[in-house]
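Participant: just coords:
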(Lines give C-alpha, C1' and ligand atoms only; values in the text may rest on other atoms or scores of the structure.)
Protein backbone atom coordinates (compact mmCIF):
# COMPACT_ATOMS: atom_id res chain seq x y z
CA UNK A 1 0.00 0.00 0.00
CA UNK A 2 1.39 3.35 -1.02
CA UNK A 3 1.99 5.92 1.73
CA UNK A 4 -0.40 8.82 1.66
CA UNK A 5 1.09 12.17 0.74
CA UNK A 6 0.19 15.04 3.11
CA UNK A 7 -1.11 18.32 1.77
CA UNK A 8 2.12 20.01 2.96
CA UNK A 9 5.46 18.22 3.17
CA UNK A 10 6.33 20.19 6.35
CA UNK A 11 4.03 17.98 8.47
CA UNK A 12 6.11 15.92 10.92
CA UNK A 13 6.60 12.13 10.75
CA UNK A 14 4.74 11.71 14.04
CA UNK A 15 1.80 13.68 12.71
CA UNK A 16 1.71 11.58 9.52
CA UNK A 17 1.46 8.39 11.62
CA UNK A 18 -1.49 9.85 13.55
CA UNK A 19 -3.15 10.93 10.31
CA UNK A 20 -2.72 7.54 8.61
CA UNK A 21 -4.13 5.68 11.65
CA UNK A 22 -7.29 7.80 11.72
CA UNK A 23 -7.72 7.67 7.91
CA UNK A 24 -7.45 3.88 8.02
CA UNK A 25 -10.15 3.70 10.70
CA UNK A 26 -12.39 6.17 8.86
CA UNK A 27 -11.74 4.61 5.45
CA UNK A 28 -11.35 8.01 3.84
CA UNK A 29 -8.99 10.97 3.64
CA UNK A 30 -9.45 13.43 6.54
CA UNK A 31 -8.37 16.85 5.29
CA UNK A 32 -9.58 18.64 8.42
CA UNK A 33 -7.43 16.48 10.70
CA UNK A 34 -4.45 16.86 8.40
CA UNK A 35 -4.66 20.64 8.50
CA UNK A 36 -5.08 20.61 12.29
CA UNK A 37 -1.95 18.49 12.72
CA UNK A 38 -0.06 20.80 10.37
CA UNK A 39 -1.03 23.82 12.43
CA UNK A 40 0.11 22.06 15.62
CA UNK A 41 3.49 21.41 13.99
CA UNK A 42 3.79 25.06 13.03
CA UNK A 43 3.04 26.16 16.60
CA UNK A 44 5.63 23.77 18.02
CA UNK A 45 8.23 25.04 15.55
CA UNK A 46 7.40 28.67 16.35
CA UNK A 47 7.74 27.99 20.09
CA UNK A 48 11.19 26.49 19.52
CA UNK A 49 12.29 29.55 17.57
CA UNK A 50 11.03 31.91 20.30
CA UNK A 51 12.90 29.94 22.98
CA UNK A 52 16.10 30.12 20.97
CA UNK A 53 15.84 33.91 20.68
CA UNK A 54 15.27 34.29 24.42
CA UNK A 55 18.30 32.20 25.25
CA UNK A 56 20.68 33.95 22.87
CA UNK A 57 19.77 37.61 23.43
CA UNK A 58 19.22 39.27 26.82
CA UNK A 59 18.59 42.99 26.79
CA UNK A 60 19.47 44.64 30.09
CA UNK A 61 17.91 47.71 31.71
CA UNK A 62 19.98 50.17 33.74
CA UNK A 63 18.96 50.46 37.40
CA UNK A 64 20.10 54.07 37.71
CA UNK A 65 22.26 53.11 40.73
CA UNK A 66 25.98 53.81 40.15
CA UNK A 67 27.80 50.51 40.65
CA UNK A 68 24.75 48.24 40.72
CA UNK A 69 24.63 47.69 36.96
CA UNK A 70 28.22 46.38 37.11
CA UNK A 71 27.08 43.70 39.55
CA UNK A 72 24.29 42.66 37.16
CA UNK A 73 26.29 42.25 33.93
CA UNK A 74 25.02 45.62 32.75
CA UNK A 75 21.58 45.83 34.39
CA UNK A 76 18.34 43.98 35.07
CA UNK A 77 17.23 41.72 32.17
CA UNK A 78 14.36 43.39 30.34
CA UNK A 79 10.93 42.13 31.32
CA UNK A 80 12.07 40.69 34.67
CA UNK A 81 9.98 40.92 37.83
CA UNK A 82 12.22 41.96 40.74
CA UNK A 83 11.46 41.79 44.46
CA UNK A 84 13.08 44.72 46.29
CA UNK A 85 12.89 43.88 49.98
CA UNK A 86 14.30 44.48 53.45
CA UNK A 87 13.38 45.88 56.87
CA UNK A 88 11.74 49.32 57.19
CA UNK A 89 13.94 52.38 56.73
CA UNK A 90 16.60 50.82 54.50
CA UNK A 91 16.05 52.87 51.32
CA UNK A 92 13.69 50.69 49.29
CA UNK A 93 11.49 53.56 48.07
CA UNK A 94 14.60 55.60 47.21
CA UNK A 95 16.09 52.80 45.10
CA UNK A 96 12.75 52.14 43.39
CA UNK A 97 12.38 55.83 42.47
CA UNK A 98 15.94 55.94 41.10
CA UNK A 99 15.06 52.97 38.92
CA UNK A 100 12.00 54.77 37.53
CA UNK A 101 13.74 58.12 37.03
CA UNK A 102 16.57 56.41 35.15
CA UNK A 103 13.92 55.31 32.67
CA UNK A 104 12.34 58.76 32.36
CA UNK A 105 15.80 60.24 31.70
CA UNK A 106 15.93 58.03 28.61
CA UNK A 107 12.36 58.88 27.56
CA UNK A 108 10.89 55.59 28.77
CA UNK A 109 7.35 55.63 30.10
CA UNK A 110 7.30 54.67 33.79
CA UNK A 111 4.46 53.82 36.15
CA UNK A 112 4.36 53.95 39.96
CA UNK A 113 1.67 52.44 42.16
CA UNK A 114 2.40 53.79 45.65
CA UNK A 115 0.29 52.26 48.41
CA UNK A 116 1.90 54.09 51.35
CA UNK A 117 2.50 57.66 50.14
CA UNK A 118 0.37 60.18 48.34
CA UNK A 119 1.79 62.37 45.58
CA UNK A 120 2.67 65.27 47.93
CA UNK A 121 4.71 63.02 50.21
CA UNK A 122 6.39 61.46 47.20
CA UNK A 123 7.40 64.85 45.78
CA UNK A 124 8.92 65.86 49.13
CA UNK A 125 10.81 62.58 49.29
CA UNK A 126 12.24 63.09 45.81
CA UNK A 127 13.11 66.74 46.43
CA UNK A 128 15.61 65.62 49.09
CA UNK A 129 17.69 64.12 46.29
CA UNK A 130 17.16 66.88 43.76
CA UNK A 131 14.76 64.83 41.63
CA UNK A 132 12.22 66.96 39.78
CA UNK A 133 9.48 64.38 39.22
CA UNK A 134 7.08 67.18 38.31
CA UNK A 135 8.99 67.64 35.06
CA UNK A 136 8.57 63.99 34.09
CA UNK A 137 4.91 64.02 35.10
CA UNK A 138 4.30 67.04 32.89
CA UNK A 139 6.30 65.55 30.02
CA UNK A 140 4.20 62.40 30.13
CA UNK A 141 7.01 59.96 30.95
CA UNK A 142 5.84 59.26 34.50
CA UNK A 143 2.44 58.41 35.94
CA UNK A 144 1.90 58.06 39.71
CA UNK A 145 -1.03 56.53 41.58
CA UNK A 146 -0.59 57.41 45.27
CA UNK A 147 -2.33 55.58 48.13
CA UNK A 148 -4.44 53.97 45.44
CA UNK A 149 -6.87 51.10 45.74
CA UNK A 150 -7.24 50.13 42.12
CA UNK A 151 -8.65 46.73 41.33
CA UNK A 152 -6.47 44.30 39.36
CA UNK A 153 -8.69 44.90 36.32
CA UNK A 154 -8.18 48.67 36.62
CA UNK A 155 -4.40 48.17 36.94
CA UNK A 156 -4.43 46.22 33.68
CA UNK A 157 -6.42 49.02 32.02
CA UNK A 158 -3.84 51.58 33.18
CA UNK A 159 -0.94 49.44 31.91
CA UNK A 160 -2.56 48.87 28.52
CA UNK A 161 -3.42 52.56 28.12
CA UNK A 162 -0.10 54.03 29.29
CA UNK A 163 2.18 51.30 27.83
CA UNK A 164 5.03 51.68 30.34
CA UNK A 165 8.47 50.14 30.05
CA UNK A 166 9.04 50.20 33.82
CA UNK A 167 6.65 49.67 36.74
CA UNK A 168 7.07 49.90 40.53
CA UNK A 169 4.57 48.62 43.12
CA UNK A 170 5.48 50.17 46.53
CA UNK A 171 4.78 48.43 48.91
CA UNK A 172 2.75 45.59 47.53
CA UNK A 173 2.29 43.92 50.96
CA UNK A 174 -0.20 46.69 51.75
CA UNK A 175 -2.38 45.91 48.74
CA UNK A 176 -2.10 42.21 47.96
CA UNK A 177 -0.94 39.20 49.96
CA UNK A 178 1.14 36.51 48.32
CA UNK A 179 -1.78 34.09 47.99
CA UNK A 180 -3.86 36.61 46.04
CA UNK A 181 -0.91 37.65 43.90
CA UNK A 182 -0.03 34.11 42.87
CA UNK A 183 -3.39 32.33 42.82
CA UNK A 184 -6.23 34.81 42.27
CA UNK A 185 -7.10 34.84 38.52
CA UNK A 186 -7.38 38.64 38.40
CA UNK A 187 -3.90 39.17 39.87
CA UNK A 188 -2.47 36.42 37.70
CA UNK A 189 -3.81 38.39 34.74
CA UNK A 190 -1.90 41.47 36.00
CA UNK A 191 1.33 39.48 36.14
CA UNK A 192 0.58 37.91 32.75
CA UNK A 193 0.05 41.37 31.23
CA UNK A 194 3.36 42.57 32.66
CA UNK A 195 5.23 39.50 31.40
CA UNK A 196 3.58 39.50 27.97
CA UNK A 197 4.50 43.15 27.43
CA UNK A 198 8.04 42.55 28.81
CA UNK A 199 7.74 45.41 31.31
CA UNK A 200 10.65 45.48 33.76
CA UNK A 201 8.95 45.61 37.16
CA UNK A 202 9.96 46.09 40.79
CA UNK A 203 7.66 45.01 43.60
CA UNK A 204 8.68 46.48 46.97
CA UNK A 205 8.01 44.25 49.98
CA UNK A 206 8.69 44.51 53.71
CA UNK A 207 10.72 42.05 55.78
CA UNK A 208 10.62 41.68 59.57
CA UNK A 209 14.24 40.49 59.59
CA UNK A 210 17.59 41.46 58.11
CA UNK A 211 20.26 39.56 56.20
CA UNK A 212 21.11 37.58 59.33
CA UNK A 213 18.20 35.27 58.42
CA UNK A 214 17.81 33.37 55.16
CA UNK A 215 14.03 33.28 55.04
CA UNK A 216 12.00 33.70 51.86
CA UNK A 217 8.33 34.34 51.23
CA UNK A 218 6.10 33.77 48.20
CA UNK A 219 6.95 37.20 46.77
CA UNK A 220 10.58 36.08 46.56
CA UNK A 221 9.76 32.75 44.91
CA UNK A 222 7.55 34.30 42.22
CA UNK A 223 10.14 36.88 41.13
CA UNK A 224 13.04 36.63 38.70
CA UNK A 225 15.37 38.48 41.06
CA UNK A 226 15.72 39.54 44.70
CA UNK A 227 17.53 42.68 45.89
CA UNK A 228 17.79 42.94 49.68
CA UNK A 229 18.51 46.23 51.53
CA UNK A 230 19.61 46.19 55.17
CA UNK A 231 21.67 47.91 57.88
CA UNK A 232 24.56 46.07 59.55
CA UNK A 233 27.91 46.63 61.28
CA UNK A 234 31.07 46.33 59.21
CA UNK A 235 33.11 44.71 61.95
CA UNK A 236 32.85 43.54 65.54
CA UNK A 237 34.54 46.79 66.64
CA UNK A 238 32.00 49.12 65.03
CA UNK A 239 29.14 50.54 67.06
CA UNK A 240 27.31 52.04 64.07
CA UNK A 241 25.44 50.34 61.26
CA UNK A 242 26.06 50.78 57.55
CA UNK A 243 23.47 50.46 54.79
CA UNK A 244 24.14 47.45 52.53
CA UNK A 245 22.67 45.91 49.37
CA UNK A 246 22.72 42.21 48.54
CA UNK A 247 21.67 40.56 45.27
CA UNK A 248 20.19 37.31 46.53
CA UNK A 249 18.87 36.12 43.19
CA UNK A 250 18.94 37.21 39.54
CA UNK A 251 18.10 34.77 36.79
CA UNK A 252 20.24 34.71 33.65
CA UNK A 253 22.92 36.68 35.52
CA UNK A 254 26.14 35.82 37.34
CA UNK A 255 25.93 37.52 40.73
CA UNK A 256 27.89 37.90 43.95
CA UNK A 257 25.59 37.55 46.96
CA UNK A 258 28.05 39.31 49.30
CA UNK A 259 26.36 42.42 50.79
CA UNK A 260 27.88 45.63 49.40
CA UNK A 261 28.04 48.91 51.40
CA UNK A 262 25.95 51.76 49.99
CA UNK A 263 25.53 55.40 50.93
CA UNK A 264 22.85 58.04 50.55
CA UNK A 265 24.06 61.20 48.83
CA UNK A 266 22.31 64.31 47.59
CA UNK A 267 21.77 62.39 44.33
CA UNK A 268 20.41 59.18 45.84
CA UNK A 269 21.97 55.78 46.48
CA UNK A 270 25.59 55.09 45.54
CA UNK A 271 28.07 52.33 46.33
CA UNK A 272 31.11 52.68 48.58
CA UNK A 273 34.23 51.38 46.87
CA UNK A 274 36.59 51.41 49.86
CA UNK A 275 34.42 49.65 52.46
CA UNK A 276 34.34 45.90 53.09
CA UNK A 277 32.07 43.70 55.11
CA UNK A 278 33.20 40.94 57.46
CA UNK A 279 34.44 37.98 55.45
CA UNK A 280 35.80 40.12 52.62
CA UNK A 281 39.49 40.93 52.20
CA UNK A 282 40.33 44.03 54.26
CA UNK A 283 42.14 46.71 52.24
CA UNK A 284 41.55 49.71 54.46
CA UNK A 285 42.35 51.14 57.86
CA UNK A 286 39.42 51.36 60.27
CA UNK A 287 37.78 54.78 59.88
CA UNK A 288 35.12 56.84 61.56
CA UNK A 289 31.54 56.48 60.43
CA UNK A 290 31.18 58.21 57.04
CA UNK A 291 27.40 57.92 57.07
CA UNK A 292 24.76 60.26 58.28
CA UNK A 293 22.70 58.06 60.65
CA UNK A 294 19.42 59.16 59.07
CA UNK A 295 16.75 56.60 58.33
CA UNK A 296 15.82 56.19 54.68
CA UNK A 297 12.71 54.82 53.10
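Facilitator: Perfect, I can see it now. What you are looking at is a predicted structure, and each value in this text was computed from that prediction instead of being measured. Numbering: from 1, shown residues only.
Participant: now the helices: where do they sit in the stretch 51-200 of the chain?
Facilitator: Counting by DSSP state H, counting those that start in this stretch, the stretch 51-200 of the chain has these helices, from start to end: 68-71, 92-105, 119-127, 133-139, 152-162, 178-183, 185-196.
Participant: does residue 182 really touch residue 217, like I thought?
Facilitator: No. The criterion here is CB atoms under 8 Å, and residue 182 misses it with residue 217 at 10.8 Å. Every C-beta, even on glycine, is put in place using the N, C-alpha and C of the backbone.
Participant: who are the neighbours in contact with residue 259?
Facilitator: 211, 228, 230, 232, 244, 245, 246, 277 (CB atoms under 8 Å, 6 or more residues apart in numbering).
Participant: Same check on residue 255?
Facilitator: Residue 255 is in contact with 71, 72, 247, 249, counting by CB under 8 Å, 6+ apart.
Participant: burial count for the last one?
Facilitator: Other residues within reach of residue 249 by the criterion other CB atoms under 10 Å amount to 19.
Participant: do the same with the first one
Facilitator: For residue 71, the count of nearby residues is 21 (other CB under 10 Å).
Participant: Would you map out the domains in this protein?
Facilitator: 13-56, 60-271 (automatic domain parsing).
Participant: and those, which one's lowest on average pLDDT?
Facilitator: Looking at the domains of the chain, the lowest mean pLDDT belongs to domain 13-56 (a mean of 64).
Participant: can you map out the strands along the chain?
Facilitator: Assigned by DSSP state E, the strands in the chain fall at 60-61, 76-77, 81-85, 110-114, 142-146, 166-170, 200-204, 225-232, 242-250, 260-265, 268-271.
Participant: mind putting these in a markdown table, distance to residue 101 included?
Facilitator: Output for the strands of the chain, formatted as a markdown table (distance: least, CB to CB, whole Å):
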| stretch | distance to residue 101 |
| --- | --- |
| strand 60-61 | 13 |
| strand 76-77 | 15 |
| strand 81-85 | 15 |
| strand 110-114 | 8 |
| strand 142-146 | 8 |
| strand 166-170 | 10 |
| strand 200-204 | 13 |
| strand 225-232 | 17 |
| strand 242-250 | 18 |
| strand 260-265 | 15 |
| strand 268-271 | 9 |
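Participant: and of those strands, who's closest to residue 123?
Facilitator: strand 142-146 (9.2 Å; CB to CB).
Participant: What is that closest one packed up against?
Facilitator: On a contact count with 3 or more CB pairs under 8 Å, 6 or more residues apart in numbering; DSSP states H and E, strand 142-146 meets helix 92-105, strand 110-114, helix 119-127, helix 133-139, helix 152-162.
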